[in-house]
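Enquirer: Task: produce atomic coordinates for the following.
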Amino acid sequence: MKISIMAELFLFNIAERVLEKIALLAVGEVSLAFNVKSDLKKLQDTMTSIKAVLLDAERQQHRNEKLRLCMWKLRDIFYDAEDVIDEFECEALRKQVANHPSISLKVRYLASCSFPLSFSLKMGHKIRDINVRLEELATEWNSFNLGQCGDNRRVNHRETYSSVNYSDVIGRDVDKENIIELLMKPNEPVIPIVGIGGLGKTTLAQLVYNDDQVTRLFPLKMWVCVSEEFDLSRLLKLIIQSINKEEKCEDLTVEALQTCLRSLLNDKKFLLVLDDVWNEDRVRWIELRNLLMSMVDLSQSKIIVTTRSLKVASIMSSNHPYELPCLSQEDCLTLFAKWAFHDGDERRHSNLMRIGEEIVEKCKGVPLAARTLGSLLFSKRDESDWISIRDNEMWRLEQSDNDILPVLKLSYSHLPSHLQRCLAFLSLYKKDHIYDSDNVIYLWMANGLLEYPKQKQEWEDVGSRYLQDLWSRCFIQDIVYYSSNFTFKMHDLIHNLALDVSQKECKPVNCQTESVDEKTRHLSFCADKLLEVPQVLKNLKNVRTVLAQKVSKQSMRIDESFINFCVSNFKYLRALDFSNSSLDALPNSIGTLKHLRYLNLNNCRKIRELPSSFYKLRSLLMLRMLGVPLMLLPDCMLSFIDLRYLQITVKAKHLEEIRPGCWSSLQYLRLYECDNLECLFEGMQYLTSLRRLSLFYCCKLVSLPRSLKFLTKLEELHIVGCDVINLDMEPEEEEDQDLLLSLKTFSIWEFDALTVLPRLLLEGSSTTLQHIQIGMCYKLEVLPAWLQNLSSLHKLQIFCCPRLSALPEGMDCLTELRQLEIESCPMLTERYRQDGGADWHKIAHIQEVDIRY
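Expert: Coordinates of the predicted model:
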């Protein structure tokens, strides 16, 4: 059966987020006209009742087109409701800045805001319009007779089996031997095999299961396709029937099943394959494990688990999982040819195989993708058919149930609704993009995709958890950490899946784009020449995101008409990214974008000043302006009391003073290439929420302000290329002796003059500081003796410090130190090398020591 994956509505998650906002507005002591409060309550009640049956609606929509169309109408209404609710926050921010600029937003927020009567009436009219639209839809919605149901994410799974056709398997010999080697090792009872859908985890398990050496090693072998339900009784029955298909156990209790299985195992050494495991409930796994342990010696027997989730793997085994690699291009091409031609027939069609090589590149090493595309071309010998497959996106091709995208969709269907919507947003970026975690989190935040933080959490923590969850489920990969932020990639096939499910929500636009659905909310543009207004955008009004991405190393050229069009047509923009472009000015009309929360102008080096209306962008959460050579930091920028992330380049000698309440939400501050800057802000102590501070290439910066000692939430301090800065910060006052700071990471690079470290900040963080990195500090000769007081230090890295002759005494006092890395420090290398270094014994207790010349 040929199938196509439908575009997702994300309606349940949209409803959740909008209701959270309504609740926040409703519970506060907000001054609203009485009828507005009642209209708001009516909207809340209606949306709550709709949300209660949305999960049932999402299950039924694929076989009921009328229901699906009704849900699309609901989506538009919910989005409009969110725009109205956000208007209240915009007005609250405007009043706050105008009337009480020195009072923190966190104190005020929406809880006790008094709105003008005229504003309340205008909003009340908009809310009533939304209620009317919901009432008009009510009769149709109620006719579907939807019911409440839990979000248990039940989906249809394929049944797997233990037999394998060896001739169908290409390029897995090394992996098979690696797994067999793990089976030979003692004390590794559970071996998880992890990878995305279609990578060949089940096939690898089948190869191992049927290997003669494995059969000799394990007298008893059992194969169980676990799939959806990790139920103890069900699994015991499947294990029993795998041993003896004649065993009648359908109506037995768990106790009886246990007795039956014990007699069948009879203390034999066994291999159990648990294929396609999704269970993330550790208790359920421990129940099965303990029961098996009570029957046999698990140190002799082995369990192979295949799963798409690193979280599942970590639950079932303390050992590192076997992460199945992709096939080589050569193996992928061989597999593709096997499915596209009769045996050996490809040698007669070299013209098609040349096109096939390009087609196989789309597979990115995933064997099921090679099989899918090869099968689509089986018996087709016209070059035009092959060219069509080559030039079409994978997600546009018709596929059967067991082809690659439906198999990947299975993983997607297991995601919670909030992660499904977040994953879809990643389709806005081009393939092979290196994602920045900060960018992604703030893009999600700007569009209201994150759930409200709990207790001491921040929004950034919620976003980081979402990314970790996507990584643990193999939706993102190749993570590279840079302290608390990181970069990552997405496999092309996962990107195809994201494109597919987000078709009517997110749309990448290029010069070949023929149409854009008028309901689309998020756009990205890829252009290697002048970016102008595409005709396909003329009818769009409700766009919330515009990302412009360059496709070459040169700056992207953006026509002034394009910016003016976006600003004038997209009044509800939440996110705007014109980074790495030749943009030379922002239009003054940008001040009308009162909903704008994310603005990225990094490396727009022709901009010299900001328009006078810039102060109206009060909703900004993230502002990135690295490499934008502003002559002055506009005073108005300090009034952005919602701002959480700021990167700037300023050419002034001095910066504005930070007053109480200004930037009270700021989490991250980075100053970059501030060539003339001699000192940081006065009033740094008022940045009470600051967690990360980065100073890059501020070559005239003289010192750090002592007021940093008041920033008790500061977790990271990074200093790079600040050649003349004096870090001599000794405790001076009585209050300096008992500081309880929270630094976790301190790094300093490219600093010729460095001779001392900032004791006040580092020793004041002695119970929290985990990582110190020192690099390219050519005059540093000694590390301070007080370093031994850093009781929580886990990792110490020292690079290119040729004059540094010794580590401080008392290294054995650093009992938490797990990693020591030294590179290009000749005197240290000679002194602490393992093979004959005079002071090796002083660091021999450290678990990981890496010393390189």
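
Enquirer: if I look at the closest residue to Leu264 other than its chain neighbours, how far off is Cys260?
Expert: The shortest distance from Leu264 to any non-neighbouring residue, by C-beta to C-beta, 6 or more residues apart in numbering, is to Ile243 (4.8 Å). C-betas here are computed from N, CA, C, even on glycine. Distance of Ile243 to Cys260, computed by C-beta to C-beta, to the nearest Å: 10 Å.

Enquirer: Looking at those two, which is more packed in?
Expert: Shown here are Ile243 and Cys260; by other C-beta atoms under 10 Å, Cys260 has more neighbours (20 against 16).

Enquirer: Now do the host helix or strand of the more buried one: everything it contacts.
Expert: Element membership of Cys260, judged by DSSP states H and E, is helix 254-265. If you take C-beta atoms under 8 Å, 6 or more residues apart in numbering as the criterion, helix 254-265 is touched by 220, 232-233, 236-237, 239-240, 243-244, 247, 249, 252, 291, 295-296.

Enquirer: May I see the buried residues of that helix?
Expert: By neighbour count on 16 or more other C-beta atoms under 10 Å, the buried set for helix 254-265 is Leu257, Gln258, Cys260, Leu261, Leu264, Leu265.

Enquirer: Could you pull up the contacting residues of Val305?
Expert: By C-beta under 8 Å, 6+ apart, the contact set of Val305 is Val190, Ile191, Pro192, Ile193, Leu274, Val277, Val312, Ala313, Met316, Ser317.

Enquirer: Specify which member of those residues is nearest to Phe425.
Expert: Val312 (24.9 Å; C-beta to C-beta).

Enquirer: before we move on, the earlier item: narrow the contacts of helix 254-265 to those in strands?
Expert: Cross-referencing the contacts of helix 254-265 against strands under DSSP state E gives Leu220.

Enquirer: Around Asp752, how many other residues sit close by?
Expert: Other residues within reach of Asp752, judged by other C-beta under 10 Å, total 12.

Enquirer: Equivalent analysis for Pro219, please.
Expert: 11.

Enquirer: now it: how far from His654?
Expert: For Pro219, the distance to His654 - C-beta to C-beta - is 80 Å.

Enquirer: And for Glu730?
Expert: Look at Glu730 and His654: by C-beta to C-beta, they are 25 Å apart.

Enquirer: Check Ser707 too.
Expert: In this view, Ser707 and His654 are 15 Å apart by C-beta to C-beta.

Enquirer: any idea which residue sits dead centre in the chain?
Expert: What sits nearest the mean C-alpha location of the chain, by C-alpha atoms, centre = their mean, is Leu467, with 2.8 Å.

Enquirer: Check whether that one sits in a helix, strand or coil.
Expert: Of the three states, Leu467 takes helix according to DSSP: H, G, I helix; E, B strand; the rest coil.

Enquirer: what's around the closest residue to it other than its chain neighbours, how many residues?
Expert: Distances taken as C-beta to C-beta, 6+ apart place Ser437 nearest to Leu467, at 5.8 Å, with adjacent residues excluded. For Ser437, the tally of surrounding residues (other C-beta under 10 Å) stands at 21.

Enquirer: surely Ser437 meets Asn485?
Expert: Yes. With contacts counted by C-beta atoms under 8 Å, Ser437 reaches Asn485, the gap being 4.9 Å.

Enquirer: any weak-confidence spans in the stretch 351-500 of the chain?
Expert: Applying pLDDT under 70 to the stretch 351-500 of the chain flags the ranges 395.

Enquirer: just the helices in it please.
Expert: Using DSSP state H, counting those that start in this stretch, the helices assigned to the stretch 351-500 of the chain run over residues 367-376, 383-391, 404-414, 417-425, 437-446, 459-472, 492-501.

Enquirer: could I get the ones you listed as TSV with distance to Ser162?
Expert: Output for the helices of the stretch 351-500 of the chain, formatted as TSV (distance: least, C-beta to C-beta, whole Å):
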stretch	distance to Ser162
helix 367-376	19
helix 383-391	33
helix 404-414	19
helix 417-425	33
helix 437-446	41
helix 459-472	28
helix 492-501	27
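
Enquirer: So for Asp584, which of those sits nearest?
Expert: Closest of the helices of the stretch 351-500 of the chain to Asp584 is helix 437-446, at 23.3 Å (criterion: C-beta to C-beta).

Enquirer: returning to that earlier point: identify the residues contacting the residue nearest to Leu467.
Expert: Gly463, Ser464, Leu467, Asn485, Phe486, Thr487, Phe488.

Enquirer: ok, it to Asn580 distance?
Expert: Distance of Ser437 to Asn580, given as C-beta to C-beta: 19 Å.

Enquirer: Got the phi and psi for Leu583?
Expert: Phi and psi for Leu583, reported as degrees, to the nearest 10, are phi -50, psi 130.

Enquirer: The one 3 residues further on now?
Expert: Note on Leu586: its backbone torsions stand at phi -100, psi 140 [degrees, to the nearest 10].

Enquirer: excluding its backbone neighbours, what's nearest it?
Expert: Nearest non-adjacent residue to Leu586, counting by C-beta to C-beta, 6+ apart: Pro611, 5.3 Å away.

Enquirer: what residues are up against the one you found?
Expert: Ala585, Leu586, Pro587, Asn588, Ile590, Gly591.

Enquirer: of the residues you listed, buried ones?
Expert: By neighbour count, with 16+ other C-beta under 10 Å, the contacts of Pro611 hold Leu586, Ile590, Gly591 as buried.

Enquirer: OK, contacts around the last one?
Expert: Same thing as Gly591. Taking C-beta under 8 Å, 6+ apart, we find Gly591 in contact with Pro611, Ser612, Ser613, Phe614, Tyr615, Lys616, Leu617.
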